[in-house]
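Student: Got a predicted model here, sequence first, then my questions.
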Amino acid sequence: MAISLGQHQRTRQWFSQWLARRLPPSKSITLAHKSIFILPTGFGVIWLMLVVLLFVFGTNYQNNLIIALAFLLLSVFNTCIIYSYRNLAGIQFVAKPSPQHYAGDTLLYAIEVSAKYQQCDVQINFPNNATVTLAEVNHTPSQTLVPLANTKRGYVHPGRLKVSSRYPLGLCRTWSHLDLDNQQVVFAQPKTSTAALQALDDANDESHHHQGKSVIGVDEYHGLREYVVGESLRQVAWKQWAQGKGMLTKEFQQPQGAPLWLTLAINSPIDLETQLSELTWCVDQLSRKQQTFGIKLNQQIISPNNGEQHRLQCLTAIALYGQASAREPL
């Protein structure tokens with residue numbers, strides 16, 4: 001058993017290396033003869049056995065009608081090989097930005113599919129995951145989401161995308177394995193915790209109730225909003241008005257208290273993954289409240305800020321903490 005398992009692993013490794021040379025990773029791949037494989041299905045094998053049986057009977061009993069039927073069935077099988085190949089040849093797969101996900105969610109990888117001619121009944125899936133069936137593929141690009149079960153944080157590479165079809169009669173199975181180089185960053189699974197919110201400067205004597213919050217002021221530019229009649233014209237965004245975007249008012253804000261800091265406890269009895277999950281929850285909560293906060297992960301420090309871009313930067317830093325490789329297939 002140990003020998004067979006070792007041989008199986010070596011065979012899989014050799015096949016993966018061979019695929020990597022024949023079909024290297026690319027964000028956009030168009031299927032052609034080099035990337036398409038064809039073999040008979042179980043039904044196709046029975047069909048061929050029937051052809052051989054009919055041919056033997058026909059020659060044994062010198063019955064030309066049976067021999068003709070055998071050749072007819074064989075020609076149908078050969079025709080299916082050609083149509084099976086044409087049903088996948090020319091389909092283009094393009095990796096697109098995927099939605100944000102947390103560890104434990106079913107990841108959805110966005111893939112754009114198009115073809116020069118109309119193709120039918122195409123199945124796509126990642127290894128050991130649910131299959132998505134494309135009833136029709138044509139020259140109009142369509143985007144589909146392919147699921148992938150995942151429990152890891154950080155860079156997640158889904159492996160090769162399996163594309164297959166049994167069109168038109170199910171006699172032949174046509175397939176390919178594509179690496180669209182579409183790894184994505186998966187955030188740590190959020191876990192509720194208020195203890196992870198800590199002030200980095202313990203000497204600060206301001207109330208924690210106001211930490212990280214902002215009020216309307218004149219210190220920092222915050223954004224644009226619709227102009228309200230009666231407001232000062234000095235606050236109007238004239239540049240946007242000249243661009244035809246309408247009357248907009250510039251908003252400014254000023255911090256109401258010291259910013260909050262999210263830190264990673266070094267000598268905590270709580271394990272690392274739980275701490276990262278709690279920090280993820282805190283980032284989402286502070287961002288939802290539009291509070292200003294920074295994050296300190298040992299030597300990595302992200303300065304206090306707020307907004308969606310700052311949230312994504314912090315969540316990405318937490319997700320990638322302690323990881324070195326950007327391509328690590330499942």
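Tutor: Perfect, I can see it now.

Student: Can you tell me the centre-most residue of the chain?
Tutor: The chain has residue 109 as the residue nearest its centroid, 3.0 Å off, counting by Cα atoms, centre = their mean.

Student: Whichever strand or helix holds it packs against which elements?
Tutor: Using DSSP states H and E, residue 109 maps to strand 106-115. With contacts defined as 3 or more Cβ pairs under 8 Å, 6 or more residues apart in numbering; DSSP states H and E, strand 106-115 has these neighbours: strand 91-95, strand 119-125, strand 132-137, strand 142-149, strand 184-186. Using the backbone N, CA and C atoms, a C-beta is placed for each residue, glycine as well.

Student: can you tell which of those strands is closest to residue 71?
Tutor: For the helices and strands packed on strand 106-115, proximity to residue 71 was assessed by Cβ to Cβ; strand 119-125 is nearest, at 27.8 Å.

Student: what angle do that closest one and strand 142-149 make?
Tutor: Between strand 119-125 and strand 142-149, the angle comes out at 30 degrees (axes from the mean of the first three to the mean of the last three Cα atoms, to 10 degrees).

Student: if I pick residue 181, what's in contact with it?
Tutor: Neighbouring residues of residue 181 by Cβ atoms under 8 Å, 6 or more residues apart in numbering: 25-27, 95.

Student: Residue 279 reaches residue 293, doesn't it?
Tutor: No - between residue 279 and residue 293 there is no contact under Cβ atoms under 8 Å: 10.6 Å.

Student: what's the burial count for the closest residue to residue 175 other than its chain neighbours?
Tutor: Distances taken as Cβ to Cβ, 6 or more residues apart in numbering put residue 164 closest to residue 175, at 3.9 Å, once the chain neighbours are dropped. Residue 164 has 17 neighbouring residues, counting by other Cβ atoms under 10 Å.

Student: same deal with residue 82?
Tutor: Using other Cβ under 10 Å, residue 82 has 11 other residues around it.

Student: what's the distance between it and residue 91?
Tutor: 16 Å (Cβ to Cβ, to the nearest Å).

Student: what about the stretch 101-250 of the chain, any weak spots by pLDDT?
Tutor: Where the stretch 101-250 of the chain drops to pLDDT under 70, the residues are 194-238, 240-241, 244-247, 250.

Student: Mind jotting down where the helices sit in it?
Tutor: With DSSP state H, counting those that start in this stretch, the ranges of helices along the stretch 101-250 of the chain come out as 238-242.

Student: that older thread, which residues pair with the residue nearest to residue 175 across the strands?
Tutor: Legend: beta-bridge partners of residue 164 under DSSP bridges are residue 123, residue 175.

Student: OK, contacts around it?
Tutor: Listed by Cβ under 8 Å, 6+ apart, the contact set of residue 164 reads 122-124, 173-176.

Student: I figured the residue nearest to the centre of the chain hits residue 99, correct?
Tutor: No - Residue 109 is beyond contact range of residue 99, at 9.2 Å (criterion: Cβ under 8 Å).

Student: what's the overlap in contacts for those two?
Tutor: residue 145.

Student: what's the angle from the longest helix belonging to the chain to strand 106-115?
Tutor: Longest helix in the chain, counting residues (DSSP state H): helix 64-88. Using the same axes, to 10 degrees, the direction of helix 64-88 lies 110 degrees away from that of strand 106-115.

Student: quick check: angle from helix 64-88 to strand 132-137?
Tutor: Angle, helix 64-88 to strand 132-137, by the same axes, to 10 degrees: 100 degrees.
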